[in-house]
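1. below: sequence and its predicted model.
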Amino acid sequence: MKGIVFVELVRMAESALGEDVVDEILDETELETDGAFSVVGNYPCRELLTIVEAIGARVKVPVEDLHEQFGQWMFARFVESYPVFFEGKTDGFDMLESIEDEVHVEVRKLYPEVELPSFTTERLSVDQFKMVYDSERPLQHFCKGMIQSCMEHFQQEVDLQMVDRSQGGRFTAEFTLQKAA
Amino acid sequence: MFLRDDLAAPTETVSRRRYNRQMRAREEAEHLLEAKSRELYEANQRLQKLLDTLETAVKERTQELEEARVVAESANEAKSVFLATMSHEIRTPLNGILGMAQALRDSGLSEDQGQLVQILQDSGGLLLSLINDVLDISKIEAGKLEFEAIPYDLRQLGDAMLQHFRLRAEEKGLAFHVSLSEAAQATIRADPMRLQQVAGNLLSNAIKFTDIGSVSLHIDLRETLAGGSVLVLRVKDTGRGISRSQQPRLFQRFSQANASITRMHGGTGLGLAISRHICELTGGSIKLRSEEGQGAEFQANLLVEKAQSHDDAPGHIAEGDQAASLAGLRILAAEDNRTNQIVLKHMLKKAGPPKLTIVDDGEKAVQEWQRGRYDMILMDINMPVMDGMEATRRIRELEHENMLEPIPIIAVSANAMVHQVAGYLNGGMTGHVPKPISRDKLVGAMKTALAKCQRGLD
């Protein structure tokens, strides 16, 4: 997994808990990397999951909620760093549709070795949108956080339902978005 | 928010553990970036090498193309030179054949003999027109077809066509008409030879392919929207017509409607191709309207210049007038070819006759001119010892030094392209007659040159 994700996770934790608390968490946690991350490096995904678990234990918050919050944090980073992907998009559904065919295409050009989740989307009606997350990594809640921020970014009020269909080491989640009346 | 922002208060100092973590992350990043930078450098080197190879390949290919172009151009040049040379070489003996045939006819033959000589003349004339066609098409291909723009009375075009084709049409039992619109009864500036060529080609075809009925030529002169003039030559026949499927091929060179036509009627199949090119080179076009079995109508449109106010087309001169005016003239001819000398003698015998002295190179011509008293010089161009151009230059120089009246000098040469003729006139010559010599043209040119010199060289 790209180093940027780890660096941002630590940054988010530091902004909320302070450097000292984050240092303590990292020191107490068993990590291959010892918690040393750089943007240009690549690290195992399980290190990310371990750190999130450790933070959850420390602040007594369910890891799913922390993943969701991290998803929102990362979306903000995304808006900041890659405005080009937002050009010409009129609403959040447009944006979600473009992840698979535009955003991921560009990511693969830069990092040919990258493993990306797949997103299938479907417009059920004018107001209803379905998106299915599928990956070998359990980041469906992180994904949920990103979807929420995306809708907020386009000032679109939606009712977001998530159905977790993960099984046998494969992580799948079905998101249904219904525009608020 | 599960993680509260207000707790994020940075401390003044950092722990050793944090420092070590940051150091480790930094070292790792530096290591990765170093490797990336080396990869980039190597990739760049490979690209540079590829670029060099490509540049070399492009250079080599450009060089090859350039060489191929030079080879192709020189081959084409060689073809043009060959054609020009051959045409000149063939014209010279043809001059002998046609000239002698004319001389034979003038020598008082029996009717049977006269017919034989007529065939000889006709065949020679046909051969000459074939050579001219091949030469024309090669000039067209080389982009070297030249046009004169001299005053020309369209009534003369009508007369010439009538004179030329009436007999041929009558022999086939066809009615033959030439008509001019009111606008066409005028003088224009154009190349008379080319206009006659187009009209002649169309009429010759029409008569050839019409067995019953009539052939007609209508000449019209129209204004274009741009204020120019279009000469319209419309040739109609009542012949077999040309099917639509055969029409597109008709104007291509070496092409006739079908192969059996070639066997029955002969011809090179160049006439219509040449006519089309002549029309197009003036900015005009040639069109055909025909249905199989219903006759054909060809319309040639040629852009011509309007005559200027001082243009006065030379009128047709009757043969009798020419003969009378040449009687007793003292003429010096420089001609190295024995056959051509005889041709000249016989041609002039009936036209006067004048007193003719013949020398066989340019130097002798200059000497003879200085020694005797002459009214006119007929000057061949290609001669041994001194060519006709040089001899003319010497004579004009001597005239100037000794304040003598300029003598008319007529170039007699098979090199009859427009720029060559212009070269003769710029080189001090008074006129030009192309070989093979026709008596009408020779006598006409001699008379015109005399008139010119009486007015003073212009």
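-> Cool, the structure landed.

2. check which helix or strand covers B:R396.
-> Assigned by DSSP states H and E, B:R396 falls within helix B:388-401.

3. centre of the chain to that helix, how far?
-> Averaging C-alpha positions (C-alpha atoms, centre = their mean, to the nearest Å) puts helix B:388-401 31 Å from its chain's average.

4. who are the packing partners of that helix?
-> helix B:362-371, strand B:376-380, strand B:409-413 (3 or more C-beta pairs under 8 Å, 6 or more residues apart in numbering or on different chains; DSSP states H and E). Where you see a C-beta, it was placed from the backbone N, CA and C, and this is true even at glycine.

5. quick one: which of the ones you listed is nearest A:F6?
-> The minimum distance between A:F6 and the helices and strands packed on helix B:388-401 falls on strand B:409-413, with 97.3 Å, by C-beta to C-beta.

6. got a list of contacts for the next helix or strand after that closest one?
-> Scanning forward in sequence from strand B:409-413 by DSSP H and E, the next helix or strand is helix B:418-426. With contact meaning C-beta atoms under 8 Å, 6 or more residues apart in numbering or on different chains, helix B:418-426 is reached by B:E146, B:F147, B:E148, B:I381, B:M389, B:A411, B:S413, B:G431, B:H432.

7. re the thing from before, just the residues contacting the helix holding B:R396, thanks.
-> B:334, B:362-363, B:365-366, B:369-370, B:377, B:379-382, B:386, B:404-407, B:409, B:411, B:413, B:423-424, B:427-429.

8. same deal with stretch B:79-92?
-> By C-beta under 8 Å, 6+ apart, stretch B:79-92 touches B:128, B:131-132, B:134-135, B:138, B:142, B:144, B:337, B:340, B:414-415, B:435-436.

9. quick one: mean pLDDT for that stretch?
-> The average pLDDT within stretch B:79-92 is 78.

10. same question, stretch B:448-458
-> On average, stretch B:448-458 scores 64.

11. for A:E53, give its distance to chain B.
-> Distance, A:E53 to chain B, using C-beta to the nearest C-beta, to the nearest Å: 14 Å.

12. skipping adjacent residues, who's closest to the residue most central in space within chain B in space?
-> By C-alpha atoms, centre = their mean, chain B has its centre lying nearest to B:L145, at 2.6 Å. Leaving aside its chain neighbours, B:L145 sits nearest to B:K139 (4.6 Å; criterion: C-beta to C-beta, 6 or more residues apart in numbering or on different chains).

13. which stretches of chain A form strands?
-> Counting by DSSP state E, one finds strands in chain A at the ranges A:118-123, A:128-135, A:158-164, A:171-179.

14. quick one: the last one to strand A:158-164, angle?
-> For the pair strand A:171-179 and strand A:158-164, the angle between their directions (axes from the mean of the first three to the mean of the last three C-alpha atoms, to 10 degrees) equals 160 degrees.

15. and strand A:171-179, how far out from the chain middle?
-> 14 Å.

16. just to revisit the earlier point, look up how far B:L54 lies from the residue nearest to B:L145.
-> Remark: distance between B:K139 and B:L54 (C-beta to C-beta, to the nearest Å) = 43 Å.

17. more neighbours: these two, which one.
-> B:K139 (19 against 10; other C-beta atoms under 10 Å in any protein chain shown).

18. which elements pack onto the host helix or strand of the more buried one?
-> Per DSSP H and E, B:K139 falls inside helix B:111-141. Here helix B:111-141 touches helix B:16-105, helix B:271-281, going by 3+ C-beta pairs under 8 Å, 6+ apart.

19. sorry, back to before: which of the contacts of helix B:388-401 are buried?
-> B:334, B:362-363, B:365-366, B:369, B:377, B:379-381, B:386, B:407, B:409, B:411, B:413, B:423-424, B:427-429 (16 or more other C-beta atoms under 10 Å in any protein chain shown).

20. list phi and psi for the residue nearest to B:E291 when sequence neighbours are not counted.
-> Of all residues not flanking B:E291 in the chain, B:G241 sits nearest, at 5.4 Å (C-beta to C-beta, 6+ apart). For B:G241, the backbone dihedrals (degrees, to the nearest 10) come out as phi 80, psi 170.

21. thought B:E292 was touching B:G241, still the case?
-> Yes: look at B:G241 against B:E292 with C-beta atoms under 8 Å: they come within range, at 4.8 Å.

22. quick one: which of the two has more around it?
-> B:G241 (21 against 13).

23. winner for burial among the helices and strands packed on helix B:111-141?
-> helix B:271-281 (a mean of 21; mean count of other C-beta atoms under 10 Å in any protein chain shown).

24. can you pull the domain assignment for the chain?
-> Going with chain A. The record, using automatic domain parsing to delimit domains, assigns chain A the ranges A:3-61, A:69-179.

25. correction: the question concerned chain B.
-> B:22-144, B:150-306, B:319-454.

26. and B:P384, what helix or strand is that in?
-> Using DSSP H and E, no helix or strand contains B:P384.

27. residues contacting it?
-> Here B:P384 is in contact with B:D336, B:D360, B:D361 (C-beta under 8 Å, 6+ apart).

28. try 7 Å
-> B:D336, B:D361 (C-beta atoms under 7 Å, 6 or more residues apart in numbering or on different chains).
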